[in-house]
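1. Sequence plus predicted model, see below.
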Amino acid sequence: MSSSPRSSASRTAIFALGVGAAIIVVSLVLLAFGVNVLKIGDTFVTGLFPPIAVTTEGAEIRDLYTVIFLIAVAIFLVVEGLIVWTVIRYRRKPGDDTLPPQIHGNNIAEFVWTVVPTLIVIFMFIVSWQTLNAVDTNASDAQTTKIRAVAGQFQWQFDYLDQNDKLLYTELLPMVSQGGGMMVPAGRTVQLSLVSHDVIHAFYVPQFLFKRDVVPGRTNQFDFTVDAADAGQTFRGQCAELCGTGHSIMLFEVKALAPQEFDTWLAGKAASSPPASQAPAPSGGSPAPSGGSPAPSGAAPSGAAPSGGAAGPTLNLAASNIQYTVKTLTAPAGAPLKIDFDNQDAGVPHNVTIHKGSPTGEQVFAGDIFPGVAKKTYNVPALTAGTYSYVCAVHPTTMIGTLTVQ
């Protein structure tokens, strides 16, 4: 014998009240222990969304995400709500000894669950297509800034080009914190070309809400515009395609500058550091690429004979697989020395810098940065007795050694 509709409704109401009371009790307990329920809720909801976009194209992508997310939430609530309602409304009750009437077809229901999903898919296709077209549009404005990002195992290089694709300046240091990074003008369209000479990489900046593969033999290109309000901000980027054992160190940073500040910066770099293809070759070595770190005050520049007499001993050092092949070196105190540096990593820029004590100590020498495979001889001024660290300025976390001067 089945229960009456009134008793069933009463039990449903009591169940709903019980669930509501449990939620209130849990919230009060959390508040009593000092837990900020609103902050947790805000963090949870925010975690469901991508980061706030800092580019015009990223804002388009985030808007699309919001639309799709709201559609998914609506479908989830309807489906789960119907499931919960069905479980409560049609659960087996005491005295239900027979099966309820069975329904073997409903034309209206079948029409609805066929047409509604079709309309939703068509709508999502249209808004996705519009967003894709907006994001993939390439500008032809004369004010567009052209940059070429060259990816290689395991390093980023940024080439700045003029409107005729002539090279103006090459930045070999990928991190702003190292004095390099990719500088872009905020509020102005940047056309970025992606090039790889070895394996597949991927250019990814989380706050751009955009990722694109860097494929050997093919130049991928896209435009982006950093919001003018974000001038002065630095954004972290990385390779998002597993490209080998050094994938984890293939990081870079993008810094947004005000347009006038960017123009001044690029003009200064182009004037003081000619592109690698145009730089004169130093004596006895490979062409000197731009982006090399200048020698600090009191240190002899690389490639030049140190003042004060004959050269001292020569130390041999090589780089292979983003590592120095020799981790310890010894040199006499009070005498200039030479470092014959062999960069065996094809297409990857390295150098040698010397710091007092730890790798982050005072820098006393900085050799030119140059890509492999190539060799260069550094002339290091006389050092006082003590312990020094030699570090690659491009890969300071993986290429470290100890120099003992005695």
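-> Happy to help now that I have it.

2. Low-confidence stretches in the stretch 101-250 of the chain?
-> Where the stretch 101-250 of the chain drops to pLDDT under 70, the residues are 140, 142.

3. Okay, strands next: where are they in it?
-> 145-152, 155-161, 167-171, 182-185, 190-196, 201-205, 210-214, 220-224, 234-239 (DSSP state E, counting those that start in this stretch).

4. Give the pairing partners of the second one; include direction for each.
-> Put plainly, it is strand 155-161. Using DSSP bridges, strand 155-161 pairs in its sheet with strand 145-152 (antiparallel), strand 167-171 (antiparallel).

5. Residue 238 is nearest to which of these?
-> Shortest distance between residue 238 and these, using Cβ to Cβ, is found for strand 145-152: 11.0 Å. C-betas here are computed from N, CA, C, even on glycine.

6. what would the strands of the stretch 101-250 of the chain look like in a markdown table with mean neighbour count and distance to residue 247?
-> A markdown table is the format used below for those (neighbours: other Cβ atoms under 10 Å; distance: least, Cβ to Cβ, whole Å):
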| stretch | mean neighbour count | distance to residue 247 |
| --- | --- | --- |
| strand 145-152 | 21 | 11 |
| strand 155-161 | 23 | 11 |
| strand 167-171 | 21 | 21 |
| strand 182-185 | 24 | 19 |
| strand 190-196 | 20 | 13 |
| strand 201-205 | 23 | 9 |
| strand 210-214 | 18 | 13 |
| strand 220-224 | 17 | 19 |
| strand 234-239 | 20 | 6 |
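
7. Could I get the ones you listed in CSV, plus columns for distance to residue 388?
-> CSV is the format used below for the strands of the stretch 101-250 of the chain (distance: least, Cβ to Cβ, whole Å):
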stretch, distance to residue 388
strand 145-152, 29
strand 155-161, 25
strand 167-171, 27
strand 182-185, 31
strand 190-196, 36
strand 201-205, 34
strand 210-214, 37
strand 220-224, 42
strand 234-239, 30
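
8. for the helix or strand hosting residue 83, packing partners?
-> According to DSSP states H and E, residue 83 maps onto helix 56-89. Judged by 3 or more Cβ pairs under 8 Å, 6 or more residues apart in numbering; DSSP states H and E, the packing partners of helix 56-89 are helix 5-32, helix 107-135, strand 210-214, strand 220-224.

9. Could you give the bridge partners of the closest residue to residue 386 other than its chain neighbours?
-> Among residues not flanking residue 386 along the chain, residue 405 sits closest, at 5.8 Å (Cβ to Cβ, 6 or more residues apart in numbering). Bridge pairing for residue 405 (DSSP bridges) gives the partners residue 331, residue 386.

10. what about residue 405, how many residues close to it?
-> 19 (other Cβ atoms under 10 Å).

11. so which of the strands paired with strand 155-161 comes closest to residue 122?
-> strand 145-152 (36.9 Å).

12. Could I get the contacting residues of the residue nearest the centre of the chain?
-> Nearest residue to the geometric centre of the chain (Cα atoms, centre = their mean): residue 237, 1.7 Å. Neighbouring residues of residue 237 by Cβ atoms under 8 Å, 6 or more residues apart in numbering: 182, 203, 204, 205, 206, 251, 252, 253, 254.

13. again, only this time at 7 Å
-> Residues near residue 237 by Cβ atoms under 7 Å, 6 or more residues apart in numbering: 204, 205, 252, 253, 254.

14. Quick check: residue 403 vs residue 119, distance?
-> Relative to residue 119, residue 403 is positioned 70 Å away (Cβ to Cβ, to the nearest Å).

15. And these two? Which one has more around it.
-> Neighbour count, other Cβ under 10 Å: between residue 403 and residue 119, residue 403 has more, with 23 against 10.

16. For residue 382, see how far away the more buried one is.
-> 13 Å.

17. Surely residue 398 is within a helix?
-> No: assignment of residue 398 by DSSP: H, G, I helix; E, B strand; the rest coil gives coil, placing it outside any helix.

18. Need the per-residue pLDDT for the nearest residue to residue 395 once chain neighbours are set aside.
-> Nearest residue to residue 395, sequence neighbours excluded (Cβ to Cβ, 6+ apart): residue 322, at 5.6 Å. For residue 322, the model assigns a pLDDT of 83.

19. now the angle between helix 107-135 and the helix holding residue 83, please.
-> 160 degrees (axes from the mean of the first three to the mean of the last three Cα atoms, to 10 degrees).

20. Pull out the buried residues from helix 56-89.
-> Residues 56, 57, 58, 59, 60, 61, 62, 64, 65 are the ones in helix 56-89 that count as buried (16 or more other Cβ atoms under 10 Å).

21. any idea how far residue 29 is from the second one?
-> It stands for residue 57. 45 Å.
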